[in-house]
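# got a sequence here, can you model it:
(2 chains)
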Number of protein chains: 2
Amino acid sequence: MSISSFLPPVRTLMGPGPSDVHPRILEALSRPTIGHLDPRFVEMMEELKSMLQYAFQTTNELTIAVSAPGSAGMETCFVNLLEAGDTAIVCQNGVFGGRMKENVERLGATAVMVEDEWGKTIDLNKVESALKAHPEAKVLAFVHAETSTGASSDARALCKLARKYDCLSIVDAVTSLGGTELRVDDWGIDAIYSGTQKCLSCTPGISPVSMNDKAVAAIKARKTPVQSWFLDLNLVMGYWGKNAKRAYHHTAPVNAMYSLHEALVMLQDEGLENSWQRHKANHLALRAGLEAMGLEFVVAEDHRLPQLNSVTIPDGVDDAEVRSRLLNEFNLEIGAGLGTLAGKVWRIGLMGHSSRAENVILCLAALEAVLGDKVNTGVALAAAQKQLSVER
Amino acid sequence: MSISSFLPPVRTLMGPGPSDVHPRILEALSRPTIGHLDPRFVEMMEELKSMLQYAFQTTNELTIAVSAPGSAGMETCFVNLLEAGDTAIVCQNGVFGGRMKENVERLGATAVMVEDEWGKTIDLNKVESALKAHPEAKVLAFVHAETSTGASSDARALCKLARKYDCLSIVDAVTSLGGTELRVDDWGIDAIYSGTQKCLSCTPGISPVSMNDKAVAAIKARKTPVQSWFLDLNLVMGYWGKNAKRAYHHTAPVNAMYSLHEALVMLQDEGLENSWQRHKANHLALRAGLEAMGLEFVVAEDHRLPQLNSVTIPDGVDDAEVRSRLLNEFNLEIGAGLGTLAGKVWRIGLMGHSSRAENVILCLAALEAVLGDKVNTGVALAAAQKQLSVER
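From the prediction side, this is the model:
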């Protein structure tokens, strides 16, 4: 055995995440490691927390970065807010609502499912019916931006319903944070989790989580211990909390935190609303090009996420071959369909640093080169350029 | 609010981890991010797996890197191998045996504790008595190298006892992997977890885990689902397993995996036994210096970990002030005591890239400068140098 250093190819990442990571963020990752209890590291964490509060638009004291990927952020919310025997209403309109169900059931609680077709937004009427029918429900959980389909749901209205029926809301914002409007305090979101590798354009591995006082009170009122030691927020708060003694809980992923800090400095410098606007503008340009080619969006216009563009694969086109050629000939990654949409759609991400005019143009040109006469040729780039110039 | 990039100080890390990270590993972290399902990433994972097998000295097919810190590796072993109602015998001779107890109890199993004094090795007779008294026990769990005290235990003998009484062994090798002799297959270890930030000298955040066929069979024979979706090895194996379809489970921390790969390439190039020998040699030099100063080791010689040197703080010395001066004046981090040893001991790490002659010398010189006439002066460096020259 003699294995050499791994030198990755340079890709353009336009799948469902990870997105392109800005060189500044990669450089931040490689800064010298210091101890997780070093006073300078603790200062950095304080800054990181305040920038996460900005990104989430919240003043929640419990705003932290969980030391593991988004799936662990999801699990953090469920295992802390629910106990065995509780009921949660879970909306499912894609893969991630299904993962929420797994989380609820594995902790011994009951998941009442409210299902919508994949690619559709969550139906508020169905949710209200479920809330009425299940007054025992403690939690309403839903995905704000379904990464598996590209559909957004009305988080503000859903949280209002949760409050009306005295439920805590748990919101999956893995793909929305930093990319589309999200206002934790204004919308009355009780608990929310996200990931770093989507619209924050950071490397994958960390999960921002925020909870308001109502959620914290629910954790403190638990009758049983949180089933996960690693994700128990009572313990994690001893490290992250205000005036906390920085009690040792686990060793934080120091360098990953540097990179999230840098990603959040970049978001702060751009301005959150400017970032939302940029995601929108590049989406419109990509959309103009894709539609000119004759490709169709999976999601209706009103609920389309600008950062994740799902399009139907044209008849007679080999899904895997196209993605493989894009990767091999152009170093361009786009996403495959997941679950019931596998083989039927592509998911084209314009997230964070990937959301740039040059990526829009590259993606359209590469798709046209690979798809050939399966689509309208010679029109996509002009359509996208026209849209981009409107925006400038 | 306007926060700037975080530029960490350059420290020498001689605490209980993270240890100094070699520049090659930091550079690997900053290589371009690619997708977690990219064929090149999958190849890299295969290499990573085979190098982890080498580090663990195992042919276990289930040898993976869990996408979260060592505490999550611990939780992975417990939640997969135990179910509610099961019994585990847990040895405790420091902080981490206590964390194992938490893991056992939070999943609804019973922990039968076998306690030894902190700083002592685990008493095999007590363990055998517990195994005899609890024929219902399914697991024997213990810490190979107690990071909180610097004591090693006889993993080979403990695993032999586990087999004799038909228990699965769960071994915490967070601080031993790469630093002291550890042979998973020869010693008959059924399940083992470690961390990246100790003797592998990688950044913190990932947890190597390995299980043999007996442990995998136990997971497959479970009557109930694993309580954690994120840590369910049935699902994780779909991504890591041989001939697996690389089913999407969660987004791997891509860049962190690059750095672990690089750390393992360095271990491979040095040779595992050479690494063990280096840790031993630098420990002996540090020990010679510390003893010349009049400092006393907490752990008896036979059970002393070379990579973690716990010494008693001399009377009349202010623990926090000394550590603070070492940090502020020399950028040198050493570790405080944990739990019952807080305020009573220092923990001086010589782990991975931190285990170098220059660190031994720096640490002794800095301690002498800060401790002044509280210790014997002017003799430590010569004693260490003499030991180093014996070894050369």
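
# need the distance between the two termini of stretch A:261-277.
22 Å (Cα to Cα, to the nearest Å).

# for the record, mean pLDDT for that stretch?
Averaging pLDDT along stretch A:261-277 yields 98.

# list the buried ones in that stretch?
Judged by neighbour count (16 or more other Cβ atoms under 10 Å in any protein chain shown), stretch A:261-277 contains these buried residues: A:261-268, A:272, A:275-276. For every residue, glycine as well, the C-beta is placed using N, CA and C.

# is it anywhere near chain B?
Yes - judged by Cβ under 8 Å from any Cβ of the partner chain, stretch A:261-277 comes into contact with chain B at A:261-262, A:264-265, A:268.

# give me the subset of these lying in helices.
Per DSSP state H, helices hold the following members of the residues of stretch A:261-277 next to chain B: A:261-262, A:264-265, A:268.

# follow-up on the earlier one: hmm, which two among the buried residues of stretch A:261-277 are most spread apart?
A:261 and A:276 (21.2 Å; Cβ to Cβ).

# chain B contacts on the stretch 51-200 of chain A?
Applying Cβ under 8 Å from any Cβ, one finds that the stretch 51-200 of chain A approaches chain B through A:51, A:54, A:67-72, A:74-75, A:99, A:102-103, A:105-107, A:195, A:197.

# make it 6 Å
A:67-69, A:71-72, A:75, A:102-103, A:106, A:197 (Cβ under 6 Å from any Cβ of the partner chain).

# and which of those residues is nearest to residue B:201?
Closest to residue B:201 out of these is residue A:67 (19.0 Å), distances taken as Cβ to Cβ.

# about what we covered before: which of the residues of the stretch 51-200 of chain A next to chain B sit farthest apart?
Using Cβ to Cβ, those reach their maximum pairwise distance at A:106 and A:197, which is 24.3 Å.

# which one of the two has more residues nearby?
Set residue A:106 next to residue A:197 and count neighbours by other Cβ atoms under 10 Å in any protein chain shown: residue A:197 wins out with 34 against 20.

# quick one: residue A:297 from chain B, how far?
23 Å (Cβ to the nearest Cβ, to the nearest Å).

# how about residue A:355?
16 Å.

# that residue touches residue A:277, doesn't it?
No - with contact defined as Cβ atoms under 6 Å, residue A:355 does not reach residue A:277; the gap is 10.4 Å.

# give the contact list for residue A:55.
Going by Cβ atoms under 6 Å, 6 or more residues apart in numbering or on different chains, residue A:55 touches A:178, A:267.

# what helix or strand does it sit in?
helix A:39-56 (DSSP states H and E).

# what about the strands in the stretch 251-392 of chain A?
Secondary structure of the stretch 251-392 of chain A by DSSP state E, counting those that start in this stretch: the strands cover A:308-312, A:332-336, A:345-349.

# give the buried residues for the last one.
By that I understand strand A:345-349. For strand A:345-349, a neighbour-count test (16+ other Cβ under 10 Å) marks A:345-349 as buried.

# enumerate the beta-bridge partners assigned to the residue lying closest to residue A:112 once chain neighbours are set aside.
The shortest distance from residue A:112 to any non-neighbouring residue, by Cβ to Cβ, 6 or more residues apart in numbering or on different chains, is to residue A:89 (4.8 Å). Residues found in beta-bridge contact with residue A:89 (criterion: DSSP bridges) are residue A:112, residue A:140.

# what number of residues lie near residue A:89?
Residues near residue A:89, counting by other Cβ under 10 Å, number 25.

# so for the helix holding residue A:55, what gets flagged as buried?
A:41, A:44-45, A:47-49, A:51-56.

# for these, give me TSV that also has pLDDT.
Converted to TSV, the buried residues of helix A:39-56 look like this (pLDDT from 0 to 100):
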residue	pLDDT
A:41	96
A:44	96
A:45	95
A:47	97
A:48	97
A:49	96
A:51	98
A:52	98
A:53	98
A:54	98
A:55	98
A:56	98
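
# closest to residue B:304 among those?
Using Cβ to Cβ, residue A:41 comes nearest to residue B:304 of the buried residues of helix A:39-56, at 29.2 Å.

# can you give me the distance of that closest one to chain B?
7 Å.

# buried residues in stretch A:222-233?
A:226-233.

# and residue A:302, how many neighbours?
8.

# secondary structure class of the closest residue to it other than its chain neighbours, three-state.
Nearest residue to residue A:302 in three dimensions, chain neighbours excluded: residue A:121, at 7.6 Å (Cβ to Cβ, 6+ apart). At residue A:121 the chain is in coil, as set by DSSP: H, G, I helix; E, B strand; the rest coil.

# and residue A:26, by the same measure?
Three-state call for residue A:26 (three-state DSSP): helix.

# residues contacting the closest residue in space to it that isn't next to it in sequence?
Once flanking residues are discounted, residue A:26 sits nearest to residue B:30: 4.4 Å by Cβ to Cβ, 6+ apart. Applying Cβ under 6 Å, 6+ apart, we find residue B:30 in contact with A:26-27, A:29-30.

# with residue A:95 instead?
A:148, A:338-339.

# which one (most neighbours) among those?
Ranked by neighbour count (other Cβ under 10 Å), the contacts of residue A:95 have residue A:148 at the top, with 29 neighbours.

# quick check: that one vs residue A:123, distance?
18 Å (Cβ to Cβ, to the nearest Å).

# for the stretch 251-392 of chain A, which residues are neighbours of chain B?
A:251, A:253-256, A:258, A:261-262, A:265, A:333.

# same for the helix ranked longest in chain A, what does it pack against?
Using DSSP H to define each element, chain A has its longest helix at helix A:272-293. With contacts taken as 3 or more Cβ pairs under 6 Å, 6 or more residues apart in numbering or on different chains; DSSP states H and E, helix A:272-293 sits against helix A:357-371, helix A:380-391.

# least reliable of these going by mean pLDDT?
Across those, helix A:380-391 gives the lowest mean pLDDT, at a mean of 94.

# buried residues in that helix?
A:380-381, A:383-385, A:387-388.

# just stretch A:363-378 next, same as before
By neighbour count with 16+ other Cβ under 10 Å, stretch A:363-378 contains the buried residues A:363-368, A:370-371, A:374-375.

# from the chain's centre, how far out does it sit?
29 Å (Cα atoms, centre = their mean, to the nearest Å).

# let's see it as CSV, backbone CA atoms only.
What follows is stretch A:363-378, C-alpha atoms only, in CSV (Å, rounded to 0.1, in the frame of the first residue of the first chain):
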residue,chain,number,x,y,z
CYS,A,363,-24.2,25.9,-17.3
LEU,A,364,-26.3,26.8,-20.3
ALA,A,365,-23.5,26.5,-22.7
ALA,A,366,-22.4,23.1,-21.4
LEU,A,367,-26.0,21.8,-21.3
GLU,A,368,-26.4,22.9,-24.9
ALA,A,369,-23.2,21.3,-26.0
VAL,A,370,-24.2,18.0,-24.4
LEU,A,371,-27.9,17.9,-25.2
GLY,A,372,-27.5,18.9,-28.8
ASP,A,373,-30.6,18.7,-30.9
LYS,A,374,-32.6,17.3,-28.0
VAL,A,375,-33.3,21.0,-27.1
ASN,A,376,-33.6,24.3,-29.0
THR,A,377,-30.1,25.3,-29.8
GLY,A,378,-28.5,28.7,-30.2
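
# which residues touch residue A:180?
Contacts of residue A:180 (Cβ under 6 Å, 6+ apart): residue A:276.
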